[in-house]
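# Got a sequence here, can you build the structure:
(one chain, ligands or ions: 1)
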Amino acid sequence: MAQYARGSAVAVIRLRNPPVNALSRAVLQALEDGLKKADADPSVKAVMICGENGKFSAGADIRGFSAPKRLGGALGPVVSLIESSEKPVVAAIEGVALGGGLEVALGCHYRIAHVKARMGLPEVTLGLLPGAEGTQRLPRLIGVPAALDMITTGKHIPATEALKLGLVDEIVEENTIEAAIRLANKVIGQPLGPRRLSLKPVPKVPNMEAFLDEALAKVKRQARGCLAPELCFQAVRAATQSPFADGVRRERELFQVLLSSGQAQALQYAFFAERAVRRWATPGGASWSSAAPQPVRRAAVIGLGTMGRGIVTSLVKANIPLVALEQDLENLNKGRKAVMFLLEREAMKMEGGAQVLDFHNPARLQFTVDFDLLRDVDLVIEAVFENMALKKEIFHKLSKICKPGALLCTNTSALNIDEIASATNRPQQVIGTHFFSPAHVMRLLEIIYGRHTSPTAIATAMQLATALKKVGVVVGNCFGFVGNRMMFPYVQQAVFLLEEGSRPDAVDQALEDFGFKIGPFRMSDLAGLDVGWRSRKDQGLTGPSLPAGTPARQRRGQRYSPLPDLLCEHGRFGQKTGKGWYLYEKAGGRTATPDPWLLNFLSQYRDTHGIQTRFIDQEEILERCLFSLINEGFAILAEGIASGPEHLDVIYINGYGWPKHRGGPMFYASTVGLPRVLAKLQKYSEAHPDVPGLQPSAFLKKLAAVGNPPLKEWMSYLSQQSSKL
Ligand code: TC6
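A predicted model of the protein is given here:
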C-alpha cells in the first residue's frame, strides 16, 4: 500500500509493501489515490514520495508479471500522473530505487538520495525493459551513453555516482526524509516545466548514429542470445529519434514483446530460484528455519594452488581474517606471490583499494607452513588437489589440532565427504564446499553435507557463502555431487559425437549458439585434460591399473571413449600445452583454432574401430548433450540429493555457464515438455543401448506419465521412501 499523510504544506506518500516495497497493483492504486488527494487539497503545496523502512522501492512486483491481470501497463500512467502534478513532487530515495521504483522517482520533479542508496533499472536482468517510460526519461536526464549503460546492463549504481550523472539533485548523509521535506518547501511556487523530464530534449552526442551503431554491436556481443538487452537498446534509440509520446509507444510495444517471451519467464524464474535455494532442507529434516550458523571470526585455507588462491582472495575481500597454509616454503612463497597479485588486482577495482582490504597486515592474512597456527581458527577450507589419501591425512591432522568447534570444509568436486569425515573425530563438523574456478569470481558454492554433517555446519557454510557474496546451494553426497554428476553424461555425449563423425568446433558451436558461455571442448582445453585423465586413472578406467584385454571402447559393460585419454598420451593437455581438442598459438595461448592433426587423428581412430562416419546435425548435438544432462538431473532429484529442481538450475546458471535466459536445465526441460524429452531419450537410448546416460530415469518417466505437471509440482510426485537418507 501507499500511506498518505499531510503535515504542514507537504503531503507525504509512503510506499509500503514489505520487505522491499515492490509496486503491486494495490500499491500503485494507493499511490494514485494519494496523488489525487494531494492535488485536490488546496492546503497541500508540495508532495514528497518515500518508502517504508528505509527503502524507496525495488520496483514492480515481479510476481505480478505472471498474474492473470498483468501488472505491465499499469505503472507508466502513474508515473505520468506524478510528473504532470501542478504541485512539486520530491522523491526521497533511501535504500534502493530499482526498476519501476526508479521510474517513479524519474516522474518526480526532484530527487534526493541518501548517500548509501543504490539505484538502477535492472529490468533487463529479468528479461524486460523499463516499461514505465524509463527508457524515455532517463536519457533525457543523464544523456544517452550513461542511460544506455544503465538500461542495457541493469547495474545498480551508488548514490555518489548517481549524483555525478545528474540522476539525483542532492545526496544527504543524515535524514533523507527531512531533507526532502525541506527541499519540497523550498521549491513551492517555482516553475515545474523545466523539471518535467518528458518535456526536455535528449542531450545531443556528437555523431549520434555512429555512437549508437557501436553501442548496438557491444550490446549484441554481450547478450549471447538474450533478447532483452537489444530491445532495451531499441527503446533508448527511439528516444533519440522520436518525440516523447512516440518513444513511449515504442517502449510499450517492445515491452509487450519481452513480457510474452519465454526468456522473461525464465529469467524471473531464475530470480526466485536463487532466493528459494537459501531455504535449504535435507531429507533428514534439518533446515534453514531451525539451524543457526556459528560465527566465523578467523579462517584458514590449506593449499595455495589455483583454487586455494582464489578462495583466499575471496575471504580477504569478505573481510574474514585468515591463515593460508602450504606444505613447504617453496610452495608457500609461490602461493603468496600469486595471492598478492590477485589481491592487488582486486584492490585496484575497489574504492579505497589495498587499504580497505588490508591484506599486507599479518593479523588479517598470515602465510605459514605451520599447522599449529590453525589451533584457534573457526573454519578451515582444505583446497589441496583431488586425492583421497592426501585429504584424509590432512583431515586427520586437523581433527587433532583444531579447536573442538571448528568447522572443517573440503573443497572437492567429486570425492566422498563421508570418507573424508571418517578420518576425523568430528564427522558432524565436516562438510564439502565446492568452489568453482576462479574462486574469487565464480558465484556458485556447492555445499555438500555428509551422513553425519550437523545442521549447524550446513547453516555456517551457507552463511559463509553469503559473506563471500556467493550463491550457496546445499546438496547431498554422491560422486560428482550435483554439478559434475550432471556434467559427466553431457561431456560423455560430446565425446561420443566426435567418435561418430562430429568435430569439436561443431559441438562447441551448437552449444554456444544455445547460449553456453563456452562449449565442452573449449572448456576442457581451458580446464586441462590432464585433470580428468588423473581422475580416470584413479578410477581404474585407464592407465596401468586397467586389466589387460579390456576392450578399447568399453568399460564395465558400458560404452567408453578413450579419446580424451589418447589425447593426454599425446601430451595434449589443452591450453597449457598449446594443444588439446584445438590448436593454440603457443603453450598457455587462448585462441583456439581447429587442428588438422586432430581431425586426421579422429578419422584414423574411426577407421581403426570400424566406426562409420556420419553427419550429425545441430539438433542431435543439442538433444544428446542436453537431455542426457537433464536426465541425470531427474535421477538426482529422485535420490533426494537435491531438494528441488531450482537447486539444479541455480547450480547450472552460476557454476556451469548455462544461459540464464533459458532458466537452467530443469526449467528448460519443463519448457520443452517432459514427454518430448522422454521420447528423444528413448530414441537415442535405443540407438545406443550401451550408454546408461541415455536411458530415461524412472522419475522423468513418472512425470511424463502423470501428464507433464508444472515444475513447481514435480517434487510432490516423489514418494518419501525414495529419499537417500
Ligand atoms: C520492474 O520494476 C519493471 C517495471 C516496468 C514496468 C511495469 N518484486 O533479494 P532479497 C523479494 S521489474 C517482488 O532476498 P536483498 C525477494 O523475492 C523489477 N518481490 O533481499 C525476497 O523474497 P523472499 C525491477 C521482490 O536485501 C525479498 O523480496 N526490480 C522484488 O538481498 C527480499 O529480497 C528488480 O529487479 C520485486 N521487485 O536484496 C529488483 N524484489 O524473502 C529485484 C525483491 O520471499 N530485487 N523481492 O525470498 C533485488 O535486486 C533485491 O531483492 C534487492 C534486495 C536489491 C532489492
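# Could you use CA atoms for every contact and neighbour count after this?
OK.
# Any stretches of the stretch 351-500 of the chain with poor pLDDT?
352-354 (pLDDT under 70).
# those helices in it, which residues are they?
Along the stretch 351-500 of the chain, the segments classed as helices by DSSP state H, counting those that start in this stretch run 353-357, 388-401, 417-421, 455-467, 483-500.
# And the fourth one, what does it pack against?
Put plainly, it is helix 455-467. Here helix 455-467 touches strand 430-435, strand 444-449, strand 471-475, going by 3 or more C-alpha pairs under 8 Å, 6 or more residues apart in numbering; DSSP states H and E.
# swap in the third one?
Packing partners of helix 417-421 (3+ C-alpha pairs under 8 Å, 6+ apart): helix 388-401, strand 430-435.
# and of the helices of the stretch 351-500 of the chain, who's closest to the ligand?
The ligand lies closest to helix 455-467 among the helices of the stretch 351-500 of the chain, at 9.5 Å (C-alpha to the nearest ligand atom).
# Please state the offset of stretch 468-475 from the chain centre?
Remark: stretch 468-475 is offset 10 Å from the chain centroid, using C-alpha atoms, centre = their mean, to the nearest Å.
# Alpha carbons only: can I get it in PDB?
Only the C-alpha atoms of stretch 468-475 are listed here, as PDB (Å, rounded to 0.1, in the frame of the first residue of the first chain):
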ATOM      1  CA  LEU A 468      31.600 -14.300   0.200                       C
ATOM      2  CA  LYS A 469      28.800 -12.900  -2.000                       C
ATOM      3  CA  LYS A 470      28.200 -16.300  -3.400                       C
ATOM      4  CA  VAL A 471      25.100 -18.400  -4.000                       C
ATOM      5  CA  GLY A 472      25.300 -21.400  -1.700                       C
ATOM      6  CA  VAL A 473      23.400 -24.500  -2.800                       C
ATOM      7  CA  VAL A 474      23.000 -27.300  -0.300                       C
ATOM      8  CA  VAL A 475      23.200 -30.800  -1.800                       C
END
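# how far is the one helix or strand A180 maps to from where the chain is centred?
Using DSSP states H and E, A180 sits within helix 176-187. On the basis of C-alpha atoms, centre = their mean, helix 176-187 is displaced by 39 Å from the centre of the chain it belongs to.
# Also stretch 593-602?
Here stretch 593-602 is found 35 Å from its chain centre; the criterion is C-alpha atoms, centre = their mean.
# E585: what secondary structure?
For E585, the assignment made with DSSP: H, G, I helix; E, B strand; the rest coil gives coil.
# My read is that it contacts G578, right?
Yes - look at E585 against G578 with C-alpha atoms under 8 Å: they come within range, at 6.6 Å.
# Which one's more surrounded, the two?
More crowded of E585 and G578, by other C-alpha atoms under 10 Å: G578, with 21 against 13.
# Can you pull the phi/psi pair for the more buried one?
Dihedral pair for G578: phi 80, psi 0, per degrees, to the nearest 10.
# The ligand versus the residue lying closest to I431 once chain neighbours are set aside, what's the distance?
Closest residue to I431 apart from its sequence neighbours, by C-alpha to C-alpha, 6 or more residues apart in numbering: C409 at 4.9 Å. Going from C409 to the ligand by C-alpha to the nearest ligand atom, to the nearest Å gives 25 Å.
# quick one: low-confidence parts of the stretch 1-150 of the chain?
1-2, 6-7, 67-72.
# what are the ranges of the helices in it?
All helices of the stretch 1-150 of the chain, identified by DSSP H, counting those that start in this stretch, fall at 25-40, 75-84, 100-107, 134-142, 144-153.
# residues in the stretch 251-400 of the chain within reach of the ligand, list them.
With C-alpha under 6 Å from any ligand atom as the criterion, the stretch 251-400 of the chain comes near the ligand at residues 272, 275.
# In the stretch 251-400 of the chain, which residue sits closest to the ligand?
For the stretch 251-400 of the chain, C-alpha to the nearest ligand atom, closest residue to the ligand: R275, 4.9 Å.
# Tell me which helix or strand that residue sits in.
Secondary structure assigned from DSSP H and E places R275 in helix 262-276.
# circling back to that earlier point, would you mind finding the most buried of the helices of the stretch 1-150 of the chain?
Ranked by mean neighbour count, the helices of the stretch 1-150 of the chain are led by helix 100-107 with a mean of 28 (mean count of other C-alpha atoms under 10 Å).
# ok now that helix, how far from the chain's centre?
26 Å.
# Out of the helices of the stretch 1-150 of the chain, which is closest to R522?
Minimum separation from R522 across the helices of the stretch 1-150 of the chain (C-alpha to C-alpha) falls at helix 144-153, 26.5 Å.
# near the ligand, anything from that closest one?
No - on the criterion C-alpha under 6 Å from any ligand atom, helix 144-153 is out of touch with the ligand, staying 11.3 Å away.
# between that helix and helix 134-142, how many degrees?
150 degrees (axes from the mean of the first three to the mean of the last three C-alpha atoms, to 10 degrees).
# just checking, next helix/strand downstream of helix 144-153?
Next along the chain after helix 144-153, taking DSSP H and E as the criterion, comes strand 156-158.
# Contacts (any at all) between the ligand and that next one?
No - using C-alpha under 6 Å from any ligand atom, strand 156-158 never reaches the ligand; the gap is at least 8.6 Å.
# now that strand: how far from the chain's centre is it?
19 Å.
# How about stretch 561-569?
Put simply, stretch 561-569 sits 33 Å off its chain's centre (C-alpha atoms, centre = their mean).
# ok, and for it, which residues are buried?
Of all the residues in stretch 561-569, those buried under the rule 16 or more other C-alpha atoms under 10 Å are 561-565, 567-568.
# so is S561 in a helix, a strand, or just coil?
Counting by three-state DSSP, the backbone at S561 sits in coil.
# Tell me who's in contact with the closest residue to it other than its chain neighbours.
Leaving aside its sequence neighbours, S561 sits nearest to R553 (C-alpha to C-alpha, 6+ apart; 5.4 Å). By C-alpha atoms under 8 Å, 6 or more residues apart in numbering, the residues touching R553 are 559-562.
# For I611, give me the pLDDT.
pLDDT for I611: 96.
# now S545
At S545, pLDDT is 89.
# contacting residues for it?
If you count contacts by C-alpha under 8 Å, 6+ apart, S545 has them with K537.
# Can you report how many residues neighbour A587?
14.
# which residues touch the residue lying closest to it once chain neighbours are set aside?
Among residues not flanking A587 along the chain, G578 sits closest, at 3.7 Å (C-alpha to C-alpha, 6+ apart). Contacts for G578 (C-alpha under 8 Å, 6+ apart) come out as 572, 584-589.
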